[in-house]
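1. Curious how this folds, go ahead:
(2 chains)
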Amino acid sequence: MNAIYILWLRQVKRHLRSKSRMIGSLGQPLMYLFAFGLGFGPIFARAGQGDYIQFLLPGIIGMNIIFASVFSGIEVIWDRQFGFLKETLVAPVPRFNVMLGRTLGSATMAMLQALVVLIIASISIFKINNIWNLPIVLLTMFLISVIFTSLGTMIGSILKDMQGFHLIVNFLIMPLFFLSGALFPLKNSNIIISGIGTINPLSYGVDALRQLLSGIAHYGLFLDFGFLITVTILFLGASGYFFSRIQA
Amino acid sequence: MINVKNLTKKFGEFIAVDNISFEIKAGEIFAFLGPNGAGKSTTIKMITTLLRQTAGEIHLNNTDTLKKSAKARQFFGVVFQDPSLDDELTAYENMHLHAVLYHVPREKRTARIQEMLEFTELWDRKDSLVGEFSGGMKRRLEIARGLLHFPKIFFLDEPTIGLDPQTRNHMWNYIKELNKREGTTIFVTTHYMEEAEKYADRLAIIDHGKIIASGTVAEIKKQTNTTTLEEAFLQLTGHSIREEQGAYISPFMRMRRGK
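-> Just a heads-up that it's a prediction; the model follows:
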């Protein structure tokens, strides 16, 4: 338990100390929100779908989380090269706990970054549907963060080189993001797109956020949380498996 | 204290460590010598549970390192050849993290961290980020950290490489004092024969993955009929230059090691 906490704390401290990481992580989502949101807004409204910003923001939150989370897996490779990973691998602590501490730490930061985006959006162009939903919104953001941080940790545990990590992760994140209903409604979309959406964890995360923040639902909260929690458990298990197989 | 039996490690076809056995008693200073690529680091990695052996058994304080790795890990501290500190944390934070990972009781933590940082003369730099430290300071911090949890065994993989003579001398003083004061068993690899000659109670020489000589310094000198350990070493392992095999070192690491 203590080991999980101290490794969580380490991840959080490292993030907070890197100002470029903190500020840089806000650039992409805000750019998407303003450029896409304001750009496509009139078309979306003309198609009879209502306010695009209200539709888009939960998707942007999802995007921010998936990018921050999966890319945090590179820290495993980073720590391997800098040597710190060895310190944690020889520690008398189950490897699963080491993985869990790291993952929860990075997930916490991904969630906080997304929260900052949500706050900036809410004081500028976005209107939160029901402010009392915020605790559940945070929980949803945390679940999405844990799912994709575990995925990142998994990939970081298997790969050894950073370039390879970037290539594979980009190849993986882009379709997950585009086919999650973050940018456009999955309802009535092409069967292939909505089909892939059905097995994509991010779709359920975005759908939950959208319902809680904007009142627009597709799958419904019950299905959303069922899927998210199941995938969280599966991915944490898989991540623990691959992390404990690391040899230095 | 350390019991290695028929230890073998293969990387594909390449046999890095070939059926070696040795035993180290509690409180000994044991030097493990060999040319580059002879299998020293691979052996240390297996003993410290970082690498799974292909065959053979390792017992630390009568605990099997494969079957009870978490328990075995509690017994030793280790300073790896390459740094393993977190550069973005302060010296104190690195120590604190280690203390928690190694279950040092809360009430002992602060005092022990201070004791070890004072021992390695880093106490006044405790709040500096490790990234700002020199190579020698990092090595001292690693020693301080490795000793934090009162280990019974202390592994040092080339602890004095790349350090100036002053720091090397200090380093060995710490090691000697620790061995005397806390009765810690020391397992050290080094390329500096005069260090092994001066400080080791017993040593083993490994080459091409096999142990080719072992005993006290006097025994090995007598066996090879030489006057210094360096001559004995060269006689046993030959004069040709070795390329490292089996160990992956990125250009990045090389840069860091050069510091």
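2. so what's the backbone phi/psi at the residue of chain A most remote from its centre?
-> In terms of distance from the mean C-alpha position of chain A, residue A:46 ranks first, at 31.1 Å (Cα atoms, centre = their mean). Dihedral angles phi and psi of residue A:46 (degrees, to the nearest 10) take the values phi -60, psi -30.
3. Which residues of chain A lie near chain B?
-> Within chain A, the positions adjacent to chain B are A:2-3, A:5-7, A:10, A:13-14, A:17-18, A:81-94, A:247-248 by Cβ under 8 Å from any Cβ of the partner chain. Placement of C-beta: from N, CA and C, glycine included.
4. Below-threshold pLDDT in the stretch 101-250 of chain B: ranges please.
-> B:243-250 (pLDDT under 70).
5. So which residues of chain A form helices?
-> A:2-17, A:19-46, A:52-71, A:74-82, A:84-89, A:95-124, A:134-158, A:162-178, A:191-199, A:201-214, A:221-244 (DSSP state H).
6. possible to save those as JSON lines with distance to residue B:11 and mean pLDDT?
-> Shown next, in JSON lines, are these (distance: least, Cβ to Cβ, whole Å; pLDDT from 0 to 100):
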{"stretch": "helix A:2-17", "distance to residue B:11": "30", "mean pLDDT": "94"}
{"stretch": "helix A:19-46", "distance to residue B:11": "37", "mean pLDDT": "88"}
{"stretch": "helix A:52-71", "distance to residue B:11": "31", "mean pLDDT": "95"}
{"stretch": "helix A:74-82", "distance to residue B:11": "18", "mean pLDDT": "93"}
{"stretch": "helix A:84-89", "distance to residue B:11": "18", "mean pLDDT": "92"}
{"stretch": "helix A:95-124", "distance to residue B:11": "22", "mean pLDDT": "95"}
{"stretch": "helix A:134-158", "distance to residue B:11": "18", "mean pLDDT": "96"}
{"stretch": "helix A:162-178", "distance to residue B:11": "20", "mean pLDDT": "93"}
{"stretch": "helix A:191-199", "distance to residue B:11": "39", "mean pLDDT": "89"}
{"stretch": "helix A:201-214", "distance to residue B:11": "37", "mean pLDDT": "95"}
{"stretch": "helix A:221-244", "distance to residue B:11": "20", "mean pLDDT": "96"}
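7. can you list those helices in a markdown table and add distance to residue B:96?
-> Below are the helices of chain A laid out as a markdown table (distance: least, Cβ to Cβ, whole Å):
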| stretch | distance to residue B:96 |
| --- | --- |
| helix A:2-17 | 8 |
| helix A:19-46 | 23 |
| helix A:52-71 | 27 |
| helix A:74-82 | 18 |
| helix A:84-89 | 13 |
| helix A:95-124 | 14 |
| helix A:134-158 | 23 |
| helix A:162-178 | 29 |
| helix A:191-199 | 43 |
| helix A:201-214 | 35 |
| helix A:221-244 | 23 |
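8. What subset of the residues of chain A next to chain B is buried?
-> A:3, A:6-7, A:10, A:13-14, A:81-93, A:248 (16 or more other Cβ atoms under 10 Å in any protein chain shown).
9. residue contacts, residue A:128?
-> A:122, A:134, A:213 (Cβ atoms under 8 Å, 6 or more residues apart in numbering or on different chains).
10. Now flag whichever of these is closest to residue A:98.
-> residue A:134 (31.8 Å; Cβ to Cβ).
11. For residue B:240, list the residues it contacts.
-> By Cβ under 8 Å, 6+ apart, residue B:240 has no neighbours at all.
12. so how far is residue B:38 from it?
-> 13 Å (Cβ to Cβ, to the nearest Å).
13. gap between the residue most central in space within chain B and chain A?
-> Closest to where the C-alpha atoms of chain B average out (Cα atoms, centre = their mean) is residue B:156, at 1.7 Å. Note on residue B:156: its distance to chain A, by Cβ to the nearest Cβ, to the nearest Å, is 14 Å.
14. chain center to the strand or helix carrying that residue: distance?
-> Secondary structure from DSSP states H and E places residue B:156 in strand B:153-157. Strand B:153-157 sits 3 Å away from the centroid of its parent chain (Cα atoms, centre = their mean, to the nearest Å).
15. where does the closest residue in space to residue B:209 that isn't next to it in sequence fall, phi/psi-wise?
-> Among residues not flanking residue B:209 along the chain, residue B:18 sits closest, at 3.8 Å (Cβ to Cβ, 6 or more residues apart in numbering or on different chains). Main-chain torsions, residue B:18, degrees, to the nearest 10: phi -120, psi 90.
16. Distance of residue B:18 relative to chain A?
-> 19 Å.
17. And for that residue, the neighbour number?
-> By other Cβ atoms under 10 Å in any protein chain shown, 16 other residues sit near residue B:18.
18. Now that it has come up, it's in contact with residue B:207, right?
-> No - applying Cβ atoms under 8 Å, one finds residue B:18 not in contact with residue B:207, separated by 10.2 Å.
19. what sits against residue B:78?
-> A:90, B:44, B:48, B:146, B:154, B:155, B:156, B:157.
20. Return the residues in contact with the first one.
-> I take that to be residue A:90. Contacts of residue A:90 (Cβ under 8 Å, 6+ apart): B:48, B:49, B:50, B:73, B:78.
21. rewinding a little: and which of the contacts of residue B:78 is nearest residue A:116?
-> residue A:90 (36.5 Å).
22. what number of residues lie near the spatially closest residue to residue A:166 that is not a sequence neighbour?
-> Take residue A:166 and drop its neighbours on the chain: the residue closest to it by Cβ to Cβ, 6+ apart is residue A:74, 7.7 Å away. Look at residue A:74: counted by other Cβ under 10 Å, it has 18 neighbours.
23. rewinding a little: what would the contacts of residue B:78 look like in JSON lines with distance to residue A:68?
-> Compiled in JSON lines, these are given as follows (distance: Cβ to Cβ, whole Å):
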{"residue": "A:90", "distance to residue A:68": "29"}
{"residue": "B:44", "distance to residue A:68": "37"}
{"residue": "B:48", "distance to residue A:68": "34"}
{"residue": "B:146", "distance to residue A:68": "34"}
{"residue": "B:154", "distance to residue A:68": "40"}
{"residue": "B:155", "distance to residue A:68": "37"}
{"residue": "B:156", "distance to residue A:68": "39"}
{"residue": "B:157", "distance to residue A:68": "36"}
